[in-house]
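K.L.:
Any chance you could fold what I've pasted below:
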Amino acid sequence: MRTLLALVTAITIPASTYSQDLRWQQRVDYTMKVALNTTTHILTGEQKLVYTNNSPDTLRRVYYHLYFNAFQPGSMMDVRSRNVQDPDKRIGDRISRLQKDETGHQKIKSLKQDGKVLTTKETGTILEVMLAKALLPGARTTFDMTFEAQVPIQIRRSGRNNSEGISYSMTQWYPKIAEYDHQGWHAYQYVAREFHSVWGDFDVSISLDPKFTVAGTGILQDPDKIGHGYQKPGLAELKSEGPVTWRFVARNVIDFAWTADPEYAHDQAKVPNGPVVHFFYQDNPKTTPTWKAMEPIAVKVFEFLNKTFGQYPFETYSVIQGGDGGMEYPMCTLIMGEGKLDGVAGTMAHEVAHSWYQMALASNEALYAWMDEGFTDFASDEAIASITQTPNDHAGSYKNYFTMVSNGMLEVPSQHADHYATNKGYRTASYTTGAVFLHQLKYIVGEKNFYSGMKNYYNTWKFRHPEPYDFIRIMETTSGMQLGWYLRYFTMTTRTIDYGIQSADVANSGLSVSLKRLGAFPMPIDLIVTYKDGTRRTIYIPTNETLGSKPSEGPLQERTELSPWAWVDPNYSFSIDAKPGDIVSLEIDPSLRMADIDRSNNKLAVAEALKDGGR
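P.N.:
Numbers count the residues shown, from 1 in each chain. Predicted coordinates for the structure are as follows:
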């Protein structure tokens with residue numbers, strides 16, 4: 001009896017373990033007090049981190065990111081930049097030429113777990129920490145740390161004195177604990193790009209020279225005591241001879257960023273049924289006119305994204321001049337401030353859209369950059385198109401995708417963002433492929449299903465770190481179609497789409513049409529028949545993989561649905577019941593949403609084909 005009981009126990013315990021919900025999330029609560037010496041550029045700080053282990057695993061070590069260590073000669077970021085085929089021009093060999101007082105570093109002065117000193121090992125930008133006491137499932141522990149950092153000359157995202165003269169862009173600036181999830185620790189070295197972080201609350205106090213205005217993540221506490229444009233209208237600007245402490249609080253975010261500059265102007269605008277948007281920029285002829293014109297566009301971007309993809313979840317947002325190019329952070333973005341309105345507004349719109357796909361959903365952008373950058377590119381392009389009343393055909397994304405296909409540089413999107421052979425390969429696989437993935441998905445499931453699915457996805461998975469199959473499951477549920485094949489082909493392979501109209505011949509009293517799949521990527525087909533009287537008809541051929549059909553998208557034209565086209569068969573034939581002389585042309589997907597790499601054979605003039613013997 002005991003033997004049988006032991007056997008049953010041995011069987012049932014692993015079964016219960018495997019049936020656990022893999023979507024648990026760790027939790028962090030940071031309290032930090034830091035002081036920045038604006039003469040030496042040295043930041044000193046105290047950090048209290050309450051860490052909750054919501055995983056089913058016992059943790060015996062943790063890892064911290066020390067991002068500033070990347071800005072030292074010989075770092076992985078430096079070596080990679082000097083050896084990759086197409087280095088980022090903002091980096092190049094600049095890190096290798098930094099002087100000692102221009103480099104970045106983060107040094108841990110002390111680290112304790114619940115009062116006990118911990119043993120650590122630093123390797124590049126990762127700090128491995130051996131715990132004094134194992135952290136059991138469901139348990140909580142407190143790490144107390146003192147640290148010192150030297151703010152580097154601005155090279156990439158972080159640093160001081162950028163090309164537009166912003167004093168401090170403080171991003172990836174504090175020792176940040178790595179994410180642990182069902183895949184294990186995500187303790188990536190900081191080589192180039194992309195992050196994955198733990199949800200938590202931040203309470204951050206920053207002391208520095210009173211001439212600086214500070215902007216960043218969270219909500220400024222006691223703004224009337226700070227001044228610097230934050231105070232209520234009518235209050236005089238407050239002055240101080242000693243350091244001023246700025247305290248920001250942010251709830252349920254994945255990171256904390258801030259900037260500081262003595263020349264910041266500060267504007268704000270209220271989004272109807274949305275957040276208060278703050279704008280921080282240097283008040284000068286190069287920047288001010290552009291930013292004043294950009295501000296109402298920002299409000300419209302928020303309105304469009306709220307309506308189309310789901311409600312922005314925080315009460316404030318700040319658009320800040322700083323950094324290099326543009327980079328997203330919780331409740332704020334850092335963008336370059338100078339330049340033409342189209343460029344500044346476009347960058348702003350892209351970074352704002354990250355608040356949906358990185359700051360609310362927060363997929364692991366290191367592993368699935370296309371779920372962040374690509375979805376963000378898609379959403380921001382749609383927002384700008386709506387505001388400017390121009391077509392939202394995503395033509396730029398398709399052009400970039402086709403270019404990479406033609407030059408043989410296309411790479412698989414679902415891989416770690418630092419491990420692409422080229423920077424161009426990364427940009428295409430993340431920004432371009434992600435946007436094309438969505439626009440083509442709209443072709444597969446239909447416009448109504450698509451936008452309903454996008455909103456369902458956001459509302460279902462915000463604050464939960466969704467992964468690729470989480471997204472595709474939502475789209476399947478919304479559309480009633482099977483879509484796993486599409487996810488696999490487009491994000492896990494470099495197979496391409498190529499369909500053509502092979503022939504059109506007279507058959508009895510109608511027209512016999514033969515289509516051919518030339519590429520290795522199967523797709524459903526919308527074939528548009530145009531008649532002499534100007535009417536149009538859609539011939540819809542689902543792929544057998546969807547096990548379903550999209551609804552008709554065009555109420556103004558008739559649609560005929562044919563039997564599914566099996567992916568194993570390269571050929572498909574059917575007949576059109578109409579006099580061949582009444583048909584002007586046949587065209588596969590004139591909407592251009594299907595990423596067909598060769599459209600030269602997608603359209604056929606019927607009269608000419610019949611004259612040439614059906615070809």
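K.L.:
Please make it C-alpha for all contacts and neighbour counts, starting now.
P.N.:
OK.
K.L.:
show me where pLDDT drops low in this structure?
P.N.:
The model of the chain has pLDDT under 70 over residues 1-22, 231-240, 556, 613-615.
K.L.:
how about the residue nearest the centre of it, what does it touch?
P.N.:
Nearest to the mean C-alpha position of the chain, by C-alpha atoms, centre = their mean, lies D372 at 1.8 Å. Taking C-alpha atoms under 8 Å, 6 or more residues apart in numbering, we find D372 in contact with 354, 357-358, 362-363, 365, 430.
K.L.:
and the two most separated of those residues?
P.N.:
Spatially, the most separated pair among these is A362 and S430, at 14.9 Å (C-alpha to C-alpha).
K.L.:
my guess is the residue nearest to the centre of the chain is in a helix, correct?
P.N.:
Yes: counting by DSSP: H, G, I helix; E, B strand; the rest coil, D372 is part of a helix.
K.L.:
Name the residues that touch the helix or strand harbouring L438?
P.N.:
Per DSSP states H and E, L438 falls inside helix 433-445. Residues from elsewhere that reach helix 433-445 (C-alpha under 8 Å, 6+ apart): 370-371, 373-378, 394, 397-398, 401, 413, 449-450, 479, 481, 490, 523-524, 549-551, 593-595.
K.L.:
can you pull out the strands in the stretch 1-150 of the chain?
P.N.:
27-37, 42-52, 59-65, 105-113, 116-117, 119-123, 126-135, 140-150 (DSSP state E, counting those that start in this stretch).
K.L.:
tilt between the second one and strand 126-135?
P.N.:
When axes from the mean of the first three to the mean of the last three C-alpha atoms, to 10 degrees is applied, the directions of strand 42-52 and strand 126-135 differ by 30 degrees.
K.L.:
Remind me what strand 42-52 packs against, helices and strands.
P.N.:
For strand 42-52, the packing partners by 3 or more C-alpha pairs under 8 Å, 6 or more residues apart in numbering; DSSP states H and E come out as strand 27-37, strand 140-150.
K.L.:
could I get these as TSV with mean neighbour count?
P.N.:
Listed next are the helices and strands packed on strand 42-52 as TSV, based on neighbours: other C-alpha atoms under 10 Å:
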stretch	mean neighbour count
strand 27-37	19
strand 140-150	18
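K.L.:
wait, which of the ones you listed is closest to T119?
P.N.:
Closest among the helices and strands packed on strand 42-52, using C-alpha to C-alpha: strand 140-150, at 12.6 Å.
K.L.:
next SSE after that closest one?
P.N.:
Toward the C-terminus from strand 140-150 - assigned by DSSP H and E - lies strand 159-160.
K.L.:
ok, residues contacting that next one?
P.N.:
So strand 159-160 is contacted by 151-154, 166-171, 323 (C-alpha under 8 Å, 6+ apart).
K.L.:
Strand partners (parallel or antiparallel) of the helix or strand following that strand?
P.N.:
Where DSSP H and E defines the elements, the next helix or strand beyond strand 159-160 is strand 168-170. Paired strands of strand 168-170, with direction, are strand 159-160 (antiparallel), strand 258-261 (antiparallel) (DSSP bridges).
K.L.:
so of these, which one's packed in deepest?
P.N.:
Mean neighbour count (mean count of other C-alpha atoms under 10 Å) peaks for strand 159-160 among the strands paired with strand 168-170, with a mean of 28.
K.L.:
Now do the helices in this structure.
P.N.:
Shown for the chain, the helices assigned by DSSP state H span residues 2-18, 76-83, 223-226, 288-309, 341-357, 369, 375-388, 395-406, 423-427, 433-445, 447-461, 468-479, 484-492, 606-611.
K.L.:
Now do the fourth one: distance to the chain's middle.
P.N.:
Centroid displacement of helix 288-309 relative to its chain, using C-alpha atoms, centre = their mean, to the nearest Å, is 19 Å.
K.L.:
Contacts made by it with the rest, please.
P.N.:
With contacts defined as C-alpha under 8 Å, 6+ apart, helix 288-309 is touched by 269-272, 274, 277, 279, 281-282, 311-312, 337-341, 344-345, 348-349, 352-353, 379-380, 383-384, 386-387, 451, 454-455, 458.
K.L.:
Could you chop this structure up by domain?
P.N.:
Domain assignment for the chain by automatic domain parsing gives 21-198, 383-492, 499-611.
K.L.:
Out of these, the one nearest M327 is which?
P.N.:
It's domain 21-198; of these, that one is closest to M327 (C-alpha to C-alpha) at 7.1 Å.
K.L.:
Relative to A187, how far out is P555?
P.N.:
From P555 across to A187, the span is 52 Å (C-alpha to C-alpha, to the nearest Å).
K.L.:
check contacts around D209.
P.N.:
37-38, 242-244 are the contacts of D209 under C-alpha under 8 Å, 6+ apart.
K.L.:
6 Å instead?
P.N.:
Contact partners of D209, counting by C-alpha atoms under 6 Å, 6 or more residues apart in numbering, are P243.
K.L.:
Please apply the same query to G200.
P.N.:
Counted by C-alpha under 6 Å, 6+ apart, G200 has contacts 27-29, 252-253.
K.L.:
One more pass at 8 Å, please.
P.N.:
27-30, 251-254.
K.L.:
For I155, see how far away it is.
P.N.:
With C-alpha to C-alpha as the criterion, G200 and I155 are 28 Å apart.
K.L.:
sorry, back to before: okay, P555 and A187: which has more neighbours?
P.N.:
A187 (20 against 7; other C-alpha atoms under 10 Å).
K.L.:
ok, the more buried one to R140 distance?
P.N.:
20 Å.
K.L.:
S158 too?
P.N.:
31 Å.
K.L.:
Among the contacts of D372, name the buried ones.
P.N.:
Burial by neighbour count, judged by 16 or more other C-alpha atoms under 10 Å, picks out 354, 357-358, 362-363, 365, 430 from the contacts of D372.
K.L.:
Out of the residues you listed, the closest to R464 would be?
P.N.:
Of all these, R464 sits closest to A362, with 7.3 Å by C-alpha to C-alpha.
K.L.:
my guess is the closest one meets W461, correct?
P.N.:
No: A362 lies out of contact with W461 (C-alpha atoms under 8 Å); the separation is 9.2 Å.
K.L.:
returning to what we had before: would you reformat the strands paired with strand 168-170 as TSV and include distance to E303?
P.N.:
Below are these laid out as TSV (distance: least, C-alpha to C-alpha, whole Å):
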stretch	distance to E303
strand 159-160	32
strand 258-261	25
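K.L.:
Tell me the bridge partners for T119.
P.N.:
As assigned using DSSP bridges, the partners bridged with T119 are M130.
K.L.:
Tell me, how many residues neighbour it?
P.N.:
14.
K.L.:
I figured it hits M130, correct?
P.N.:
Yes: using C-alpha under 8 Å, T119 is in contact with M130, at 5.6 Å.
K.L.:
shared neighbours of the two, anything?
P.N.:
Contacts common to T119 and M130, judged by C-alpha under 8 Å, 6+ apart, are absent.
K.L.:
In contact with S509: list those residues for me.
P.N.:
577-580.
K.L.:
Now, of the contacts of helix 433-445, which are buried?
P.N.:
By neighbour count, with 16+ other C-alpha under 10 Å, the contacts of helix 433-445 hold 370-371, 373-378, 394, 397-398, 401, 413, 449-450, 479, 481, 490, 523-524, 549-550, 593-595 as buried.
K.L.:
Mind listing residues that contact stretch 394-406?
P.N.:
Everything outside stretch 394-406 that qualifies as a contact, by C-alpha under 8 Å, 6+ apart, is 378, 381, 410, 425, 428, 431-433, 435-436, 439, 595, 597.
K.L.:
Now render those residues as a markdown table, adding distance to L220.
P.N.:
Listed next are the contacts of stretch 394-406 as a markdown table, based on distance: C-alpha to C-alpha, whole Å:
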| residue | distance to L220 |
| --- | --- |
| F378 | 32 |
| D381 | 31 |
| L410 | 45 |
| G425 | 40 |
| T428 | 38 |
| Y431 | 33 |
| T432 | 36 |
| T433 | 38 |
| A435 | 35 |
| V436 | 39 |
| H439 | 39 |
| A595 | 46 |
| I597 | 51 |
